[in-house]
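Student: Next come a sequence and a model predicted from it.
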Amino acid sequence: MSDITIFHNPRCGTSRNTLAMIRNTGTEPVVIEYLKTPPTRSQLLEMIAASGLSVREVMRSKEAVFSDLGLGDAGLSEDALIDAMMAHPILINRPIVVTPLGTRLCRPSEVVLEILPQAQQGAFTKEDGQAVVDAEGNRV
């Protein structure tokens, strides 16, 4: 079993790029499609704490349900925001990657390079054509 886990949405380009950079190390991560298999409340809280981000920073504010539920209200407690993410996993920003070197919300996708235990094994270019890693595996 891999020591890298990605909470992934295959419809998201940032998530696809992040997964591809993990695979570019020669490692096959545990891929959890979090819309199908959401993290438990305790897993989500652990990931948020480990990432060093606030609950609000891990929320997707661009989703319609965010506005529909009035989640922009600064007076809402973190528990209320977590409750909303548990009820509507689309509100969890992605991709979140967990490795032995740390946990990150990988936005932009190249943030994952900070926490990968293995080096890149060759060039990597994002779906939009942006070069991220050169042929020697060094960040561009």
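Tutor: On my side now, so go ahead. None of these values were measured; they are calculated from a predicted model.

Student: Run the chain-centre distance for stretch 121-129.
Tutor: Distance of stretch 121-129 from its chain centroid, counting by C-alpha atoms, centre = their mean, to the nearest Å, is 18 Å.

Student: Likewise for stretch 90-110?
Tutor: The chain centre lies 3 Å from the centre of stretch 90-110; the measure is C-alpha atoms, centre = their mean.

Student: Name the residues of stretch 128-140 that are buried.
Tutor: Buried residues in stretch 128-140, defined by neighbour count with 16 or more other C-beta atoms under 10 Å: V132, V133. Any C-beta I mention is one placed from the backbone N, CA and C, and that applies to glycine too.

Student: Look at it and report the distance between its end residues.
Tutor: Its start and end residues considered, stretch 128-140 measures 15 Å (C-alpha to C-alpha, to the nearest Å).

Student: Going by secondary structure, F7 is in what exactly?
Tutor: Element membership for F7, per DSSP states H and E: strand 5-8.

Student: Mind listing residues that contact the next helix or strand after that strand?
Tutor: As assigned by DSSP H and E, the chain's next helix or strand after strand 5-8 is helix 13-23. The contact list for helix 13-23, computed with C-beta atoms under 8 Å, 6 or more residues apart in numbering, reads 4, 6, 8-10, 29, 31, 94-95, 97, 106-110, 112-113, 116, 120, 124, 126-128, 132-133.

Student: Which of those fall in strands?
Tutor: If you go by DSSP state E, the contacts of helix 13-23 have I6, H8, V31, V97, F124, V132, V133 in strands.

Student: Who are the contact partners of the first one?
Tutor: By that I understand I6. By C-beta under 8 Å, 6+ apart, the residues touching I6 are S15, T18, L19, I22, P29, V30, V31, I32, P95, I96, V97, V98.
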